[in-house]
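A.B. asks: Just to be clear, the model below is a prediction. Sequence and coordinates:
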Amino acid sequence: MSEIKTIKPEELARLHKEQGVEVVDVRTPAEFREVHATIARNVPLDKICAEHIEELTHGNADAQVYIICQSGNRSSRACQKLIDAGCVNVISVEGGTKAWEALGLPVERGKKTISLERQVRIAAGFLVFTGAMLGMFVNPWFSGISAFVGAGLMFAGITDTCGMAMVLAKMPWNQVSGCEQKQCQKTA
């Protein structure tokens, strides 16, 4: 893994004012719709691929690409994906949209939504509780549901990759109707 460059939100705001730099928000369309930096456009993390390099850099391989998310975790992953695909000048915004908004920098607000992180906690809690109850009252083998979710949460913590979040991000309630996102075509 390469060292990922970062920038503080206030520095990015100054750069945007001086140079008009482009910022890409990699959260789900629903999260983006709820609140985002006014200077950001949305390309969800699961849609980021090598095909986006040309679009994001406008044909200039040395162009800087600023990536923002909720708190900095997904933007770092998006930066790494772009670096692995050959984009050399990607920068993650420290603290993400939360830090941007906390500094009083301009944001655009829309329809409220439940964050992906909260959705994961709700789903994991529901599955663990259901597995435990079914294991106690129906059949002890149902306890395996709780064990599976616990193992998945450990894996997510160790690898900083959450399969449940990836699945939830694709759910219809995390999409925005009428919002056309560029899809990367998988080549065989």
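C.D. replies: Ah, there it is.

A.B. asks: use CA for all of it now, contacts and neighbours both
C.D. replies: Fine.

A.B. asks: all helices for the chain, in order.
C.D. replies: 9-19, 29-34, 52-57, 73-84, 96-102, 116-137, 143-159, 163-169 (DSSP state H).

A.B. asks: Could you export the second one as PDB, keeping only the C-alpha atoms?
C.D. replies: What follows is helix 29-34 as a C-alpha-only set of coordinates in PDB (Å, rounded to 0.1, in the frame of the first residue of the first chain):
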ATOM      1  CA  PRO A  29     -25.800   8.800  -3.300                       C
ATOM      2  CA  ALA A  30     -28.200   8.900  -0.400                       C
ATOM      3  CA  GLU A  31     -25.500  10.000   2.100                       C
ATOM      4  CA  PHE A  32     -24.300  12.600  -0.500                       C
ATOM      5  CA  ARG A  33     -27.800  13.900  -0.900                       C
ATOM      6  CA  GLU A  34     -28.200  14.400   2.800                       C
END
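
A.B. asks: I'd like to know which of the helices of the chain is closest to residue 67.
C.D. replies: Proximity of the helices of the chain to residue 67 was assessed by C-alpha to C-alpha; the nearest stretch is helix 73-84, lying at 5.4 Å.

A.B. asks: Would you map out the domains in this protein?
C.D. replies: Following the assignment in automatic domain parsing, the chain carries domains at 5-109, 116-174.

A.B. asks: Can you say which of those domains is packed in most?
C.D. replies: Sort the domains of the chain by mean neighbour count, taking mean count of other C-alpha atoms under 10 Å, and domain 5-109 sits at the top with a mean of 19.

A.B. asks: model confidence over that one, on average?
C.D. replies: With pLDDT averaged residue by residue, domain 5-109 scores 90.

A.B. asks: Please tell me how far that domain is from the chain's geometric centre.
C.D. replies: Average the C-alpha atoms of domain 5-109, do the same for its chain, and the two points are 10 Å apart (C-alpha atoms, centre = their mean, to the nearest Å).

A.B. asks: Ok, stretch 126-138 next?
C.D. replies: Here the centre of stretch 126-138 is set off from its chain's centre by 31 Å, with C-alpha atoms, centre = their mean.

A.B. asks: Quick one: residues in contact with that stretch.
C.D. replies: Contacts to stretch 126-138, defined as C-alpha atoms under 8 Å, 6 or more residues apart in numbering, come from residues 140-147, 149-150.

A.B. asks: out of the residues you listed, who's nearest residue 28?
C.D. replies: Compare each of the contacts of stretch 126-138 with residue 28 using C-alpha to C-alpha and the shortest gap goes to residue 149, at 23.0 Å.
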